[in-house]
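A.B. asks: Mind looking at a prediction? Sequence and model below.
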Amino acid sequence: MKQRYKNTIKHEALVLLAIFVFISITGCAATRHASQRAVISTVDTTVDDIVDNLLRTKNAAFVEDGLPGALLLITGMVELDPDNYDLLSTTSFLYCAYGLFVEDENPDYAISLYRVGAEYGLRAMKVNNSKFRNALESGMKIPDAAKYLQKEDLKGTNWYGVNIGKRCTLQLDSIEETLDIKDAVAIAKRVIEIDPNYAWGASHILMGIFHSIIPSYLALGDGPDGRGGGPDAAKEEFALANKAMDGKFGLTDVFQARYLGPLLKDRGLFDQLLTRVIEMDSCEIEGGFCLLNELAKKKAKWSIDHKTQYFGW
């Protein structure tokens, strides 16, 4: 099974590479541009197929090892059509995914990945929605311009917000580096307004994290007490995220354990949530996207091994 996934992904990656190299070195400029336009639909479909295959594999180590090369290749593909919304959005997602893989062992590298992922997400949003783009160009800030984002913008919007949010969680010791957390909050709220279950309830997870950490220096203004933040609001958001996937998306429990557990000083909750993730059937998730829960298991095990990092003892 693992070999089949490897062969499929390798084949599709080679197709992408062959297309990219061929149209980059052959013919005059006009011919190259015409060739680029002709293959864009093929590239789009192939990239989506690669991502789908990646998400269905259980071999997380293989995917983690292969993601840097895939990112380099797909980033090159974007240059075939820099205004391609789907390709920009998918690239934003892949940078986010790789950031999630490496953030525990190498947070500085993850920060750089999340930055790039956010850039691609923002490019996608601006390409796809002229009202949003014009609002930003006129000087409007993202929290105010988010109202223009619509359902057809969800893919780029969601991964822009997740990239910003995850980067901020790695830089909480520097207020200057987290000033754009307000952008991530506004985007997460907008995604929830449009489709609260989108991308495995990712925006609810983000809001759960924000409510767990923001009381230390910033109020969201939307919590149950009207002030924002705190354990009750965090619990509610994590519960909504779990409901979105019937409790089968392990990353929800991982982040609930990491952020809500220490806030409540509840080591029992921390252990319970992470043990549940480790013991769950990775492929039971809707769509058979086993990789997501394999990643969750990896992060759950790391969390248990580094429990003192979260509780201080």
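C.D. replies: On my side now, so go ahead. Residues are numbered from 1 along each chain as shown.
A.B. asks: Can you tell me how far residue 66 is from residue 197?
C.D. replies: Computed with Cβ to Cβ, to the nearest Å, the distance linking residue 66 and residue 197 is 29 Å. For every residue, glycine as well, the C-beta is placed using N, CA and C.
A.B. asks: what pLDDT does residue 224 get?
C.D. replies: Reading off the per-residue confidence, residue 224 sits at a pLDDT of 42.
A.B. asks: Would you mind listing where the protein has pLDDT under the threshold?
C.D. replies: Counting by pLDDT under 70, the chain shows low-confidence ranges at 1-45, 215-228.
A.B. asks: can I see the domain layout of it?
C.D. replies: Here the chain is described, according to automatic domain parsing, as comprising the domains 1-59, 83-195, 197-313.
A.B. asks: does residue 133 really touch residue 123, like I thought?
C.D. replies: No. Counting by Cβ atoms under 8 Å, residue 133 stays clear of residue 123, with 10.0 Å between them.
A.B. asks: out of these two, which sits in the more crowded spot?
C.D. replies: Set side by side, residue 133 and residue 123 show more neighbours around residue 123, with 22 against 17, by other Cβ atoms under 10 Å.
A.B. asks: does that one really touch residue 88, like I thought?
C.D. replies: Yes. Taking contact to mean Cβ under 8 Å, the distance of 5.1 Å between residue 123 and residue 88 places them in contact.
A.B. asks: Mutual contacts of the two, please.
C.D. replies: Taking Cβ atoms under 8 Å, 6 or more residues apart in numbering as the contact definition, residue 123 and residue 88 share the neighbouring residues 82, 156.
A.B. asks: So which of the domains of the chain is nearest residue 76?
C.D. replies: Taking Cβ to Cβ as the measure, the domains of the chain were each checked against residue 76, and domain 1-59 came out nearest at 5.6 Å.
A.B. asks: Now do the contacts for the most centrally placed residue in the chain.
C.D. replies: Central residue check for the chain by Cα atoms, centre = their mean: the C-alpha nearest the mean position is that of residue 96, 4.2 Å away. Contacts were defined as Cβ under 8 Å, 6+ apart; by that measure residue 96 touches 113-114, 117, 159, 162-163, 166.
A.B. asks: now residue 60
C.D. replies: Residue 60 makes contact with 101, 291, 294-295, 297-298 under the criterion Cβ under 8 Å, 6+ apart.
A.B. asks: what about residue 141, neighbour count?
C.D. replies: Counted with other Cβ under 10 Å, residues neighbouring residue 141 total 13.
A.B. asks: Can you tell me how far it is from residue 210?
C.D. replies: Applying Cβ to Cβ, one obtains 18 Å for the distance of residue 141 from residue 210.
A.B. asks: try residue 144
C.D. replies: Spatial separation of residue 144 from residue 210 under the definition Cβ to Cβ is 19 Å.
A.B. asks: same thing with residue 275?
C.D. replies: Counting by Cβ to Cβ, the gap between residue 275 and residue 210 amounts to 25 Å.
A.B. asks: Good, wrapping up.
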